[in-house]
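A.B. asks: Show me how the following folds:
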Amino acid sequence: MSKTATIKKEERILADFERLSKKRKKEVADFVAYLKAKEELEATKEIIREKDFLASIMRGDEDFRVGRVKKWSEVMKYEQSGR
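C.D. replies: Next up, the predicted model:
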């Protein structure tokens, strides 16, 4: 689908939404919240299935727990100094 067609479809959806009753708008909002949570959960599951990535997260968590961290401002200052 072209970008123009997608925009027109989104505009039509928003126009249709505006014509709904308050009750139906709440139902739509609840469904959108459900879809958002479902998508986030699926992304999380994907990350967890990726063994190397999960191990990397766990190493980072351990680094943070034992204090092997630097402030972002210090990292940026170092980078900006050209080192």
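A.B. asks: Okay, domains of this protein per the record?
C.D. replies: As given by automatic domain parsing, the domain ranges for the chain are 1-39, 50-83.
A.B. asks: a markdown table for those, including mean neighbour count and mean pLDDT?
C.D. replies: Where you see a C-beta, it was placed from the backbone N, CA and C, and this is true even at glycine. Compiled in a markdown table, these are given as follows (neighbours: other Cβ atoms under 10 Å; pLDDT from 0 to 100):
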| stretch | mean neighbour count | mean pLDDT |
| --- | --- | --- |
| domain 1-39 | 10 | 95 |
| domain 50-83 | 9 | 88 |
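A.B. asks: If you count residues, where's the longest helix of the chain?
C.D. replies: helix 22-49 (DSSP state H).
A.B. asks: Report all helices and strands that it contacts.
C.D. replies: Applying 3 or more Cβ pairs under 8 Å, 6 or more residues apart in numbering; DSSP states H and E, one finds that helix 22-49 makes contact with helix 51-66.
A.B. asks: center of this protein, which residue is that?
C.D. replies: In the chain, the C-alpha closest to the average C-alpha coordinate belongs to Glu40, at a distance of 6.7 Å (Cα atoms, centre = their mean).
A.B. asks: Next one: that one from Lys22, what distance?
C.D. replies: From Glu40 across to Lys22, the span is 27 Å (Cβ to Cβ, to the nearest Å).
A.B. asks: Kindly report the same for Gly67.
C.D. replies: Between Gly67 and Lys22 the distance is 52 Å, computed by Cβ to Cβ.
A.B. asks: How about Ala5?
C.D. replies: Ala5 is 30 Å from Lys22, by Cβ to Cβ.
A.B. asks: Just the CA trace of the helix or strand harbouring Lys77, in PDB.
C.D. replies: In the assignment (DSSP states H and E), Lys77 maps to helix 72-80. The C-alpha trace of helix 72-80 is given here as PDB (Å, rounded to 0.1, in the frame of the first residue of the first chain):
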ATOM      1  CA  TRP A  72      26.000   9.100  30.500                       C
ATOM      2  CA  SER A  73      27.200  12.600  30.900                       C
ATOM      3  CA  GLU A  74      30.800  11.400  31.500                       C
ATOM      4  CA  VAL A  75      30.600   9.100  28.500                       C
ATOM      5  CA  MET A  76      29.400  12.000  26.300                       C
ATOM      6  CA  LYS A  77      32.100  14.300  27.700                       C
ATOM      7  CA  TYR A  78      34.700  11.700  26.800                       C
ATOM      8  CA  GLU A  79      33.300  11.200  23.300                       C
ATOM      9  CA  GLN A  80      33.100  15.000  22.600                       C
END
